[in-house]
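# My questions are about this predicted structure, shown below with the sequence.
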Amino acid sequence: MDINITEFLLKKTGLDNADPHNPAARLRFGYLEGWVSVFMNIVIFLVKMLLGIISGSISIIADAVHTSSDVATSAIVIWGFKISHKPADKEHPFGHGRMENIATLIIAVLLCVVGMEILQVSVRKFFNPSQVKVSWMIIIVLFATLVAKEWMARFSFQLAKKIDSSTLYADAWHHRSDAVSTLLVIAALIGSMFKLFMLDAIFGALVSGYIVYTGAKLVKDSSFYLLGNAADEQLKKKIKQIAQEVDGVEGVHDIVAHDYGTIKAISLHVEVAHLLDSIKAHEIATTVETRIAKQIRSSPIVHIDLKRTKRRKKGSSFKVVEKVFARYPEIINSHGVEILSNESGDFLSVHIIIPKVMTVEQSHSFEHKVQKSLKKHFNDYKIGIHIEPCNSQCAKCSQACKDGVPADAGQRQKNKGSYSNESSKPD
């Protein structure tokens with residue numbers, strides 16, 4: 001039934017076939033949810049407050065106050081959408097879309113305040129319980145308001161999903177929390193019919209706890225968004241897919257996206273062939289920006305990178321490392337030789353073992369000497385050398401240490417400091 005009513009309202013307002021990414025249509029979606037919520041909440045508030053006064057139930061009155069806060073939050077929804085629809089200006093080059101999230105934060109804080117107030121009243125009622133006048137008619141009417149609030153929550157969730165609005169999601173949770181609190185109130189009233197009057201205060205406290213929890217969760221979510229969340233993986237995947245479909249694009253990386261509500265600020269690096277001229281590269285960048293802006297409402301910026309030729313681990317590369325190490329008798333052993341390439345560059349990493357009698361200054365100087373030798377063969381690589389002292393538990397290292405390798409270890413016999421070929425062979 002709720003789906004039919006939603007479709008009816010969308011059709012009546014001309015939003016059934018509207019583009020949810022269009023700012024004008026987005027504003028109308030927000031106004032529709034806001035005004036429907038304001039009207040429904042006013043009616044439900046009046047009904048609950050009347051029932052609370054008649055029955056003398058603190059939980060019903062607390063539930064009515066909760067509903068009255070929904071009127072305020074729905075009004076904030078309307079205000080938030082109105083401000084967020086304002087065009088970009090000098091002070092706000094990406095528009096005012098984040099006002100929706102500010103509105104969400106205000107709604108969340110109001111929820112927390114209302115919840116704490118209800119908790120105070122419930123605590124007083126717990127220590128001073130009073131008789132509650134309740135009838136099945138009151139329970140039936142309250143259940144009807146529960147159904148209405150649950151429909152409002154589903155209605156808001158549907159519109160929130162359609163336009164991807166955190167504000168409407170917040171209002172939807174506000175409606176859902178009101179429905180849950182009404183359910184707890186009904187349970188308390190049924191308990192009161194069996195003279196369990198203290199249940200009224202207990203369930204009133206439970207209602208307040210649920211309200212505060214919902215508000216705190218919304219505060220957390222909206223705060224993270226305002227601080228600048230990283231782009232979700234689904235959005236990154238879509239941006240990468242759009243860019244890779246452009247002829248001439250050979251790679252995409254470093255995608256960054258900042259959400260401003262109605263528009264996203266996107267930047268990415270696109271790789272092109274080395275021999276491509278600047279005019280063609282500029283055309284590729286412009287095409288990528290245009291396609292992203294067309295499919296995702298955004299202001300994209302593309303940075304052109306040259307396509308990096310990926311190197312593979314080859315036995316010949318490891319043999320080069322072996323030959324370099326063989327020239328240095330100070331190198332007792334080695335392990336952890338890695339030669340790899342990725343989008344960040346080319347890397348050579350290795351651990352070498354030297355005599356423990358070498359000082360820090362000597363080992364530091366020796367490290368630079370070896371690095372310089374490796375650079376002759378791996379010029380455009382970032383080379384990382386980790387120096388380790390010999391270990392007495394290793395037979396080879398132990399023998400070298402017993403020999404007392406001097407600082408000018410170049411005079412050592414080759415057979416005592418030979419390089420271990422096995423340790424650097426690729427897997």
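The structure has been received and is ready for your questions. Nothing here was measured: the structure is a model prediction, and the numbers come from that model. Residues are numbered from 1 along each chain as shown.
# C-alpha only now, for contacts and for neighbours.
Noted.
# so residue 270 sits in a strand?
Yes. Residue 270: assigned to a strand according to DSSP: H, G, I helix; E, B strand; the rest coil.
# List the contacts of it.
243, 249, 250, 251, 252, 253, 285, 302, 303, 304, 305 (C-alpha atoms under 8 Å, 6 or more residues apart in numbering).
# Mind listing the residues bridging to it?
Applying DSSP bridges to residue 270 gives these bridge partners: residue 252, residue 304.
# what about the strands in the stretch 301-427 of the chain?
Using DSSP state E, counting those that start in this stretch, the strands found in the stretch 301-427 of the chain span residues 333-342, 345-354, 382-389.
# measure residue 60 to residue 198 for me?
Separation of residue 60 from residue 198 (C-alpha to C-alpha, to the nearest Å): 14 Å.
# between the two, which one's more packed in?
residue 60 (27 against 21; other C-alpha atoms under 10 Å).
# domain ranges for this protein?
Using automatic domain parsing, the domain parsing of the chain gives 2-227, 233-306, 315-424.
# Out of the ones you listed, which one sits most buried?
domain 2-227 (a mean of 20; mean count of other C-alpha atoms under 10 Å).
# mean confidence for it?
In this model, domain 2-227 carries a mean pLDDT of 78.
# likewise stretch 289-306?
On average, stretch 289-306 scores 84.
# distance between the ends of that stretch?
18 Å.
# Who are the contact partners of residue 193?
Residue 193 neighbours (C-alpha under 8 Å, 6+ apart): 134, 135.
# How about residue 242?
288, 291, 292.
# what does residue 115 give?
Neighbours of residue 115 in contact, by C-alpha under 8 Å, 6+ apart: 66, 207, 208, 209, 210, 211, 212.
# give me that answer again for 7 Å
208, 209, 211, 212 (C-alpha atoms under 7 Å, 6 or more residues apart in numbering).
# Next, the closest residue to it other than its chain neighbours: phi, psi?
Spatial nearest neighbour of residue 115, chain neighbours left out: residue 208 (4.3 Å); criterion: C-alpha to C-alpha, 6 or more residues apart in numbering. Main-chain torsions, residue 208, degrees, to the nearest 10: phi -60, psi -40.
# So residue 208 is in contact with residue 121, correct?
No. Contact criterion C-alpha atoms under 7 Å: residue 208 and residue 121 do not qualify, at 9.8 Å.
# What does the pLDDT read for residue 345?
67.
# Specify the local secondary structure of residue 196.
Assignment for residue 196 (three-state DSSP): coil.
# mind checking how far it is from residue 134?
Going from residue 196 to residue 134 by C-alpha to C-alpha gives 12 Å.
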